[in-house]
Structures are given as structure tokens and as C-alpha cells.
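S.K.: Need a 3D model of the sequence below.
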Amino acid sequence: MKFVVEKGIPLVGDGRGRQKNYPFENMNVGDSFAFPKEIRVSVARAAHYHGKSKGKMFTTRAVDGAYRCWRIA
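M.R.: Residues are numbered from 1 along each chain as shown. This next block holds a predicted model:
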């Protein structure tokens, strides 16, 4: 197999980590976001681990048949 070297192709992204799925970094205490029922376990786990690593607290709740995640501390 032969590879072709190309010049002038811009680098995409900063190369650190992966794209964030949830907006935890942008949330202040009292902020929330809605999410579908199908991903409730994933959101709850992600909120727990993000909060643990960043010193923040989140909670998820069912509200009128929908689901939301709040930053509480």
C-alpha cells in the first residue's frame, strides 16, 4: 500500500478528548436540559461522573412524562 503525502490540509479540532455529548460544562446551578427517555441511564451516569471529576452535582428527574437533568451544586 502506498500513501500520498498532502500539504495544506487544515487540522480539525484541538485533538484533546472527544466531543461532548451533554452540556454539563456550560451549566450553572439551577440550569437544566431535557433529554429523551431512551438515554436516561446514559445521562445519569455521565452527570454523576462529570460532577464527581469537576466538583459539581447534578440530578435527573421525570417531569410530566419528559426527563430533565439539573445542576444542583
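S.K.: so which strand or helix has Val12?
M.R.: When elements are assigned from DSSP states H and E, Val12 belongs to no helix and no strand.
S.K.: tell me the contacts of the residue nearest the centre of the chain?
M.R.: Nearest to the mean C-alpha position of the chain, by CA atoms, centre = their mean, lies Tyr22 at 2.3 Å. Residues near Tyr22 by CB atoms under 8 Å, 6 or more residues apart in numbering: 33, 35, 43, 46-47, 50, 69. (C-beta placed from N, C-alpha, C; glycine too.)
S.K.: can we see that at 7 Å?
M.R.: 43, 46 (CB atoms under 7 Å, 6 or more residues apart in numbering).
S.K.: Thought Asp31 was touching Cys69, still the case?
M.R.: No. Counting by CB atoms under 7 Å, Cys69 does not reach Asp31; the two are 9.3 Å apart.
S.K.: So which of those two has more stuff around it?
M.R.: Cys69 (23 against 14; other CB atoms under 10 Å).
S.K.: So the closest residue to that one other than its chain neighbours, which state does it fall into?
M.R.: In space, and not counting its chain neighbours, Cys69 is closest to Thr60: 4.7 Å by CB to CB, 6 or more residues apart in numbering. Here Thr60 is strand, with the state taken from DSSP: H, G, I helix; E, B strand; the rest coil.
S.K.: And Thr60, how far from Ala44?
M.R.: Noted for Thr60: a distance of 5 Å to Ala44, by CB to CB, to the nearest Å.
S.K.: what's the answer for Lys37, then?
M.R.: Noted for Lys37: a distance of 12 Å to Ala44, by CB to CB.
S.K.: Between the two, tell me which one has more neighbours.
M.R.: The residue with more neighbours, out of Lys37 and Ala44, is Ala44; 16 against 9, by other CB under 10 Å.
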